[in-house]
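In: turn this into a model:
(chains A and B)
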Amino acid sequence: MIIDEANYGSTLVLYPDGRLDQDTADAFQERLLQAVSAGKEAVIVDFSKIPYISSVGLRAIMIAAKQSKSDGVSLSVAALTPTVNEIFEISRFNYVVTIFESLRDAITAASDDALNAFEAG
Amino acid sequence: MLVRFWGTRGSLAAPMTVQTSRKKIRNALRKSIGHDLGSDEKIERFIDTELSFAESGTYGGNTSCVEIDGGGDEYVVCDLGTGCREYGNAIMSKSVPQKAPVFNVFQSHPHWDHICGFPFFVPAYIPGNKIKIHGCHDTLEEAYRMQNSAPGFPVDFDMLGADIEFVKLEPGKEYAVAGMKVTAMEQYHSGDSYGYCFEKDGKKVVYSTDSEHKFESIDESYGFVDFFRNADLLIFDAMYSLADAISLKEDWGHSSNIIGVELAHRASVKQLCLFHHDPNSDDATISRILAETIRFEELSEEGDALKVCAAYDGQEIKL
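Out: The predicted model follows:
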């Protein structure tokens, strides 16, 4: 799975691309846990290129959410595709992590310095 | 094969309150405004076409009890939760016995919600009846005897009229009972639980409640995929949401609708039946979970089409 990333001030954004299922969840989980432990204040996962997420992908988010809580890092997801948004609601993962409609909304909520860096391109 | 659900709740009986009943009546009357309800037939049609299941009925509040009728000459039932009171009464109400008075109980585990109907199972009081309680635990007899003893219950186990036998089973071994092939499988649950597979004439029903599926369930060699393989009906513990089942309620020994759909797809199951409903869920909530599960099955786009239902007390599924 290709997972690009970008740093906006104290916020790290991950851009995974492709289905999050049995074939890809291990790599996603590993990268997500690295991101949560990277010393940033906030980690945002941009879901705009994730067409589907299975239970194993959701488990990866749960593990990262627990890790982020103990590390004091804000973890959120943004720009969910309609299918993934439905799966988050059906599985009640909308109560596990904060969901933002757009990446910009998530960055705005993260911090001013993140938004300034994001706006600056 | 015919499967009759006498109790479908998990953990604790959850009867409907008068407030809930009144709310359903009020809602039904409101919806009936403008409809012609001038005959019983019209009223029945209104109920069937204008009201949802949660509005017109209820999933019920009895704890686990599921009859598996493979057409044999003895009775077969999984667990004796509070649903077994009505099961016993239904058998006793027949003027002509349908089968020999031999009751084969398959016990998932001895937790209270799976045995607590037994003191009110009338056939247990009738001399000449035979009750065989099959299971893989060493503690089944102890649990049943403890339940039917002072100070918890006034009728001691030894006072029961029926001849009661405990039959120890080995997981993975095939048994022939009441004309069906029966196999047990160990499940992850506090104190262990066991699922049962019933096969007869090319039909297969799996009763798998009080079973948590951990992270290894994604493994290709996960044993439950084979156990569920090609089942015509999979009765599946879907008590919690996936989020709860792997966080707050991890290791509580129950599973979710999401895992149910994924395992059922991998095992090419034909029908998934959500079971062991949370006693905190009202009828509307269970209907919502059912609708969401059907939707998730559509979204998952894997395997053959899977039919999904939610078990309710009084339901019959013919295979």
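In: C-alpha from now on. contacts and neighbour counts both.
Out: Fine.
In: next up, the contacts around whichever residue of chain A sits closest to chain B.
Out: Nearest residue of chain A to chain B (C-alpha to the nearest C-alpha) works out as residue A:91 at 5.1 Å. By C-alpha atoms under 8 Å, 6 or more residues apart in numbering or on different chains, the contact set of residue A:91 is B:241, B:242, B:243, B:258.
In: can you narrow those residues down to the ones near chain A?
Out: B:241, B:242, B:243, B:258 (C-alpha under 8 Å from any C-alpha of the partner chain).
In: and the residue of the stretch 201-319 of chain B found nearest chain A, backbone torsions?
Out: Ranking the residues of the stretch 201-319 of chain B by distance to chain A (C-alpha to the nearest C-alpha) places residue B:242 first, at 5.1 Å. Note on residue B:242: backbone dihedrals following degrees, to the nearest 10 are phi -60, psi -40.
In: so who does it touch?
Out: With C-alpha under 8 Å, 6+ apart, residue B:242 has these contacts: A:55, A:91, A:92, A:93, B:255, B:256, B:257, B:258, B:259.
In: please tell me how far the spatially most central residue of chain A sits from residue A:35.
Out: Residue closest to the mean C-alpha point of chain A, counted by C-alpha atoms, centre = their mean, is residue A:45 at 2.1 Å. Distance of residue A:45 to residue A:35, given as C-alpha to C-alpha, to the nearest Å: 10 Å.
In: so the closest residue in space to residue A:84 that isn't next to it in sequence versus residue B:287, what's the distance?
Out: Spatial nearest neighbour of residue A:84, chain neighbours left out: residue A:52 (5.5 Å); criterion: C-alpha to C-alpha, 6 or more residues apart in numbering or on different chains. Residue A:52 sits at a distance of 24 Å from residue B:287 (criterion: C-alpha to C-alpha).
In: is it correct that residue A:4 is in contact with residue A:14?
Out: Yes - if you go by C-alpha atoms under 8 Å, residue A:4 and residue A:14 touch, sitting 5.9 Å apart.
In: the helix or strand residue A:61 falls within near chain B anywhere?
Out: For residue A:61, the host element (DSSP states H and E) is helix A:55-71. Yes - Helix A:55-71 reaches chain B (C-alpha under 8 Å from any C-alpha) through A:55, A:56, A:59, A:62.
In: which stretches in chain B count as helices?
Out: B:18-32, B:40-50, B:53-56, B:83-92, B:140-147, B:223-228, B:242-245, B:257-266, B:283-300 (DSSP state H).
In: hmm, back to that, nearest to residue B:209 among the residues of helix A:55-71 next to chain B?
Out: The shortest gap between residue B:209 and any of the residues of helix A:55-71 next to chain B belongs to residue A:55, at 19.6 Å (C-alpha to C-alpha).
In: for residue B:82, what are phi and psi?
Out: phi -60, psi -20.
In: dump the residue contacts of the residue nearest to it when sequence neighbours are not counted.
Out: The shortest distance from residue B:82 to any non-neighbouring residue, by C-alpha to C-alpha, 6+ apart, is to residue B:117 (3.9 Å). Contact partners of residue B:117, counting by C-alpha under 8 Å, 6+ apart, are B:80, B:81, B:82, B:83, B:84, B:85.
In: list buried residues within those residues.
Out: The neighbour-count test (16 or more other C-alpha atoms under 10 Å in any protein chain shown) marks B:80, B:81, B:82, B:83, B:84, B:85 as buried among those.
In: pipe the residues you listed into a markdown table and attach distance to residue B:305 and pLDDT per row.
Out: Putting the buried ones among the contacts of residue B:117 into a markdown table (distance: C-alpha to C-alpha, whole Å; pLDDT from 0 to 100) gives the following:
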| residue | distance to residue B:305 | pLDDT |
| --- | --- | --- |
| B:80 | 33 | 98 |
| B:81 | 32 | 98 |
| B:82 | 34 | 98 |
| B:83 | 31 | 98 |
| B:84 | 33 | 98 |
| B:85 | 36 | 98 |
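In: would you map the helices across chain A?
Out: Using DSSP H, helices in chain A cover A:25-36, A:55-71, A:82-91, A:103-110, A:112-120.
In: need these in CSV (columns: mean pLDDT).
Out: Listed next are these as CSV, based on pLDDT from 0 to 100:
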stretch, mean pLDDT
helix A:25-36, 96
helix A:55-71, 96
helix A:82-91, 98
helix A:103-110, 97
helix A:112-120, 94
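In: from residue B:80, how far off is residue B:152?
Out: In terms of C-alpha to C-alpha, residue B:152 sits 17 Å off from residue B:80.
In: same thing with residue B:130?
Out: Going from residue B:130 to residue B:80 by C-alpha to C-alpha gives 15 Å.
In: repeat that for residue B:45.
Out: Taken as C-alpha to C-alpha, the span from residue B:45 to residue B:80 is 35 Å.
In: so which bits of chain A are right by chain B?
Out: Counting by C-alpha under 8 Å from any C-alpha, chain A sits next to chain B at A:22, A:52, A:54-56, A:59, A:62, A:83, A:87, A:90-93, A:96.
In: residue A:47 touches residue A:83, doesn't it?
Out: No - using C-alpha under 8 Å, residue A:47 is not in contact with residue A:83; the gap is 10.9 Å.
In: looking at those two, which is more packed in?
Out: residue A:47 (23 against 15; other C-alpha atoms under 10 Å in any protein chain shown).
In: ok, that one - contacts?
Out: A:15, A:16, A:17, A:77, A:78, A:79, A:80, A:81.
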